[in-house]
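Undergrad: quick one: sequence and predicted model below, then my questions.
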Amino acid sequence: MTWLRKLRWLLPSYRRAQEGEMEAELQSLAEIAAADQASLGNLTLARESARAVWGWTWLASLAADARYALRVLRKERSFTAVAVLSLALGIGANAAIFSIVDALLLQALPVRDPQSLVEFDNSSSSYFTYMRFAANSGRIFSGMLARVAGRRDIDTGGSPVRANVELVTGSYFRVLGVPALYGRAIGPDDDNRGHPAPVAVISHALWMRQYGGDPSALGRTIRVQRAPFTIVGVAPPEFFGVVVGEAPVVWVPLSTYSSVYPGQNPLDEPGTNFLEFLGRLRPGVTAAQASAALTPIQIQAQLQRVGEVPEWIRQEIRRQKVQLVPSGKGISFLRYWLSKPLHIVFGMVALVLLLACVNLMNLQAARVFERRKELAVRLAIGASRLRVARQVFTESALLAMAGGALGLLACRPVAETLLALVSPANPVSLHLRFDSQLIAFIAATSIVAAILCGVAPAWRATRGEILPAIQQGSGAAKASPAGRLFGRGLASLQVALSLVLVAGAILFATSLYKLMHIDTGVDRSRLVVLEVDPVEAGYQGEQTSALDRRLAARLAALPGVESATFSFNGVFTFRSMNRGVEPEGYRSANPRDLSAWCDQVGPHYFSTIGARLIAGRDFAERDDRGAAQVMIVNEEFARFYFASRNPIGRTVAIEEEWKKPKILRQIVGVVKDLRSSGSIRERPERCFYLPAFQTQTIQASTRFLVRTAASPKSLFSAVREAARAEDPALAIESVDTAVDLLNRALNRDRLMADLSAAFGTLALLLSAIGIYGLLSYEVARRTGEVGIRMALGARPAQIVRMVLSEVGRLAIIGVVAGGVTALAVGKLVSGMIFGLQPGNPAVLAAAALALIAVALCAGFWPARRAARLDPMAALRQE
Amino acid sequence: MPERTELLQGTLDMLVLRTLLLGPLHGYGIAKSIRQVSNDSLQIEFGSLYPALRRLELKGWISAKWETSERNRRARVYRLTAAGRKQLVREQSKWQNFIDAIARVMQGEPAGGES
């Protein structure tokens, strides 16, 4: 109970009572022992020691330190503002990135025993294969599930909103171990296709937003792509599906696929790989054992599916292996896509924070030097060195704490803004946690920052002799050589750190510039891309071709339109398909050589998108069913199959439909390589184009390409209007300019360029402040020396040169050190930049020049101040 | 005047408790009593005694009350509590063990193995 009594000391009323009691007691004893004062001893010391009995002296002196530090910091407002802001920025940015990293890479799924979940890393993921796995994996898995998700129109009774829907097998919720918060989850019964009353489970967020958290939402109807579903359950609030960043608002049974995607029925297509499989390993089964046991099941299923095929295909199938990856943290495409940039950005923000700390360390050291006289007096009258060092450290700690508090406020908006920037078209909903873990991270970062920027100045504050410090005038003091070296070393370190960040910024900016100005082979100015989905409106086969033809004509007739056409892939959409080809006169033992990328395009396709035909002709209206079977290939296709021989007029046998006879086509044109599907960073692969009117239409959306005479955006409404006039039931998926589509593909690159530019600028600014601070203090310290030089005839220009040459020296040291570091860490970004190497000498030279220029500018003002000194006044200070 | 003896570390608490066993005393009285009983060889300054009193009070081994003395002076008078009595017994036996051990080493014959 002693500690409880000790704790009471913290109550001011208790403390006052105790103090009063102590005073009264000592007073009374002084009277009693009036005759014997000597034996009473030192009563002041007795008071002090008695207070210490409660064990709170450390707190009292801490409070005194804090009060004093606050007074000092309040007096030096601009220093405090710069220090707190730079720390807040550094800590806030680190916390924001940390919360994203945590959500994307560290958090486990909120499901039962996430560690035993595995994901199939597998190209063969049709419903047919899933059924085989589910039926035969009982010894390996305690359960298995399949899922797929997509953005669909969700209608809760207002106007439809696009949001993510997850289609899941009946085993989904049971295998994950996620019970419904209200009602029931989707169960095995819901796997029955043609269920008269299909059901849906809604997310907690949708339940709160649309139904105000009212349990009566159960039983109501929700429409997904116009198909009605009965709400039977609400998912728990912490459950966001199994794909990180997807956050579906509604779960429906996979058996309702054809209702959610009208006109499509992949459940009955054994060759359509569209699902993701997850399994829960039985206790004691390793992923390797499971993979070994599952591989024969997959091979069996595949062989059964393909039936009669050439032996080499059967060989290929027998070589397949089922790969399992742990998925306790959920499946994440974002993780693959963002993990590297996130780590790089994390590195950058850590550098910025380090830079801010070094900056502060330098400024603090300078301020401590200014106050050396005061500190020496404290030491002289008996303060211990530790006590003085603690006083100085308290200031840094307070700054770091203020920075951390501001950083905590800033981190959520920063993190959310960053996520919004990552993918504006397709919002990423990460479950960012702003909880005790984040607060612990911020606290730890603040403590590290306080130690980084506080310990060295505090230590230095108590070095050196006391007497000279007191005797010296403020202007004539000499820092120890070690102290000067320390300050300059820090300034060089700042320059070095900044160089790394600035070089990174230039690198990413150059890379983005090159990507944006890359020759894609498509003239993307004044090109509108309209995507419509005829499948949903019930179009099939010939009807779709007719619709494509009519809508293209309608679009071409719009005022301000030069030409219009369509294709399956469109441009910059990352849709592509691959088909088997047998070009005339070409032999290869490798079956992979006998396939190429393919698109089905409308008449005048290449002239409309502005592609250059190297030989032959474009497709025209006459290339229809009745005409000769033709095709156009790209340069790479021609080079790969025909080398230097003229490809025009040669024939290629193409496998246009699975297990149907190949169709012989004649090449009528060669087009320059297009970088419009796949990744635009990669070299175009071999590709061929078929006239749409000579091929089977594909059951998916069509992209219309409209070349305009004026600004493409001014035609958006006319284009939409035309589609609606053609058929009001036709779903308009999107209308974009080709430039916007390409930019969207470069989102990650733009984000990296923007972020690194922001951090680079911040780094330059922090270095400028650091160098300015260091130089101001050096100039003040050397007032006497400058005075003597001027008295001896040095001209102001010479003084400026003297100071600036010092700046130049430390900048060059920093630049060299930074350059070496940049070369060493450059490898980390090599996969993320385009068109240049990380160690590019021009980039490093530009960064070095920028830093030297900033350093000289920052040093110029202190230099001029030195040059304007009145020599007499300066000497009198001595 | 007898030789002054330095107080051994940690014995002050025990001395205070032992002194209060004889009856309640104010702070100065405790110091004086220790001095007298030890024949002036333990010179305890009140200044160093006072924090010890507060500590013992905080631990609940002694309690204090304002009382008026026969000479009509108000003083804060300390007395031993039940917990203090127990503590005194503990300290005393610890102390006894200590001096016995010291005595054995100082006077006794070597237990074995002379060097």
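TA: Done, it's in.

Undergrad: can you pull the contacts of residue 100?
TA: You didn't say which chain, so I picked chain A. Residue A:100 sits next to A:342, A:415, A:418, A:419, A:430, A:432 when contact means Cβ atoms under 8 Å, 6 or more residues apart in numbering or on different chains. C-beta coordinates here come from the backbone N, C-alpha and C atoms, glycine included.

Undergrad: correction: the question concerned chain B.
TA: With Cβ under 8 Å, 6+ apart, residue B:100 has no contacts at all.

Undergrad: how would you label it: helix, strand or coil?
TA: Here residue B:100 takes the helix state, with states given by DSSP: H, G, I helix; E, B strand; the rest coil.

Undergrad: hmm, which of the contacts of residue A:100 is lowest in pLDDT?
TA: Within those, residue A:430 has the lowest pLDDT, namely 74.

Undergrad: circling back: closest to residue A:512 out of the contacts of residue A:100?
TA: Residue A:512 lies nearest to residue A:418 out of the contacts of residue A:100, by Cβ to Cβ, at 17.1 Å.

Undergrad: touching, the closest one and residue A:96? I think so.
TA: Yes: taking Cβ atoms under 8 Å as the definition, residue A:418 is a contact partner of residue A:96 at 6.4 Å.

Undergrad: overlap in contacts of these two?
TA: Counting by Cβ under 8 Å, 6+ apart, nothing touches both residue A:418 and residue A:96.

Undergrad: okay, these two: which has more neighbours?
TA: residue A:96 (25 against 19; other Cβ atoms under 10 Å in any protein chain shown).

Undergrad: looking at this, that one is in a strand?
TA: No: Residue A:96 is assigned helix when assessed by three-state DSSP, not a strand.

Undergrad: which ones are touching it?
TA: Contacts of residue A:96 (Cβ under 8 Å, 6+ apart): A:410, A:411, A:412, A:414, A:415, A:418.

Undergrad: you'd agree the second one is up against residue A:92?
TA: Translated: residue A:411. Yes: assessed by Cβ under 8 Å, residue A:411 is found in contact with residue A:92 at 5.0 Å.

Undergrad: go ahead and build a ChimeraX selection from the buried members of the contacts of residue A:96.
TA: Under the burial definition 16 or more other Cβ atoms under 10 Å in any protein chain shown, those of the contacts of residue A:96 that qualify are selected in ChimeraX by:
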select /A:410,411,412,414,415,418
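
Undergrad: I'd like the contacts of residue A:96 laid out as JSON lines, including secondary structure and distance to chain B.
TA: What follows is the contacts of residue A:96, written out as JSON lines (DSSP: H, G, I helix; E, B strand; the rest coil; distance: Cβ to the nearest Cβ, whole Å):
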{"residue": "A:410", "secondary structure": "helix", "distance to chain B": "45"}
{"residue": "A:411", "secondary structure": "helix", "distance to chain B": "44"}
{"residue": "A:412", "secondary structure": "helix", "distance to chain B": "46"}
{"residue": "A:414", "secondary structure": "helix", "distance to chain B": "49"}
{"residue": "A:415", "secondary structure": "helix", "distance to chain B": "49"}
{"residue": "A:418", "secondary structure": "helix", "distance to chain B": "54"}
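
Undergrad: OK, contacts around the spatially most central residue of chain B?
TA: The residue lying closest to the centre of chain B (Cα atoms, centre = their mean) is residue B:15, at 0.7 Å. Applying Cβ under 8 Å, 6+ apart to residue B:15 gives the contacts B:7, B:34, B:42, B:44.

Undergrad: swap the cut-off to 6 Å and go again
TA: residue B:34 (Cβ atoms under 6 Å, 6 or more residues apart in numbering or on different chains).

Undergrad: how far does the helix or strand harbouring it sit from the chain's center?
TA: Assessed by DSSP states H and E, residue B:15 sits inside helix B:12-21. Centroid displacement of helix B:12-21 relative to its chain, using Cα atoms, centre = their mean, to the nearest Å, is 3 Å.

Undergrad: swap in stretch A:32-49?
TA: When C-alpha coordinates are averaged (Cα atoms, centre = their mean), stretch A:32-49 and its chain have centres 69 Å apart.

Undergrad: please see if that stretch touches chain B.
TA: Yes: on the criterion Cβ under 6 Å from any Cβ of the partner chain, stretch A:32-49 is in touch with chain B at A:32, A:33, A:40, A:41, A:42, A:45, A:46, A:49.

Undergrad: go ahead and confirm the fourth one touches residue B:49.
TA: Think residue A:41. No: using Cβ atoms under 6 Å, residue A:41 is not in contact with residue B:49, being 8.5 Å away.

Undergrad: worst mean pLDDT across the helices and strands of chain A, which element?
TA: None of the helices or strands of chain A scores lower by mean pLDDT, DSSP states H and E than helix A:466-471, at a mean of 64.

Undergrad: next, the buried residues of the helix or strand following that one.
TA: Per DSSP H and E, the first helix or strand lying C-terminal to helix A:466-471 is helix A:481-516. Burial within helix A:481-516, assessed by neighbour count using 16+ other Cβ under 10 Å, is assigned to A:483, A:486-488, A:490-512, A:515.

Undergrad: list the neighbouring strands of the helix or strand that comes right after helix A:481-516 plus their orientation.
TA: As assigned by DSSP H and E, the chain's next helix or strand after helix A:481-516 is strand A:527-533. Applying DSSP bridges to the sheet, strand A:527-533 is found paired with strand A:702-708 (antiparallel), strand A:731-737 (antiparallel).
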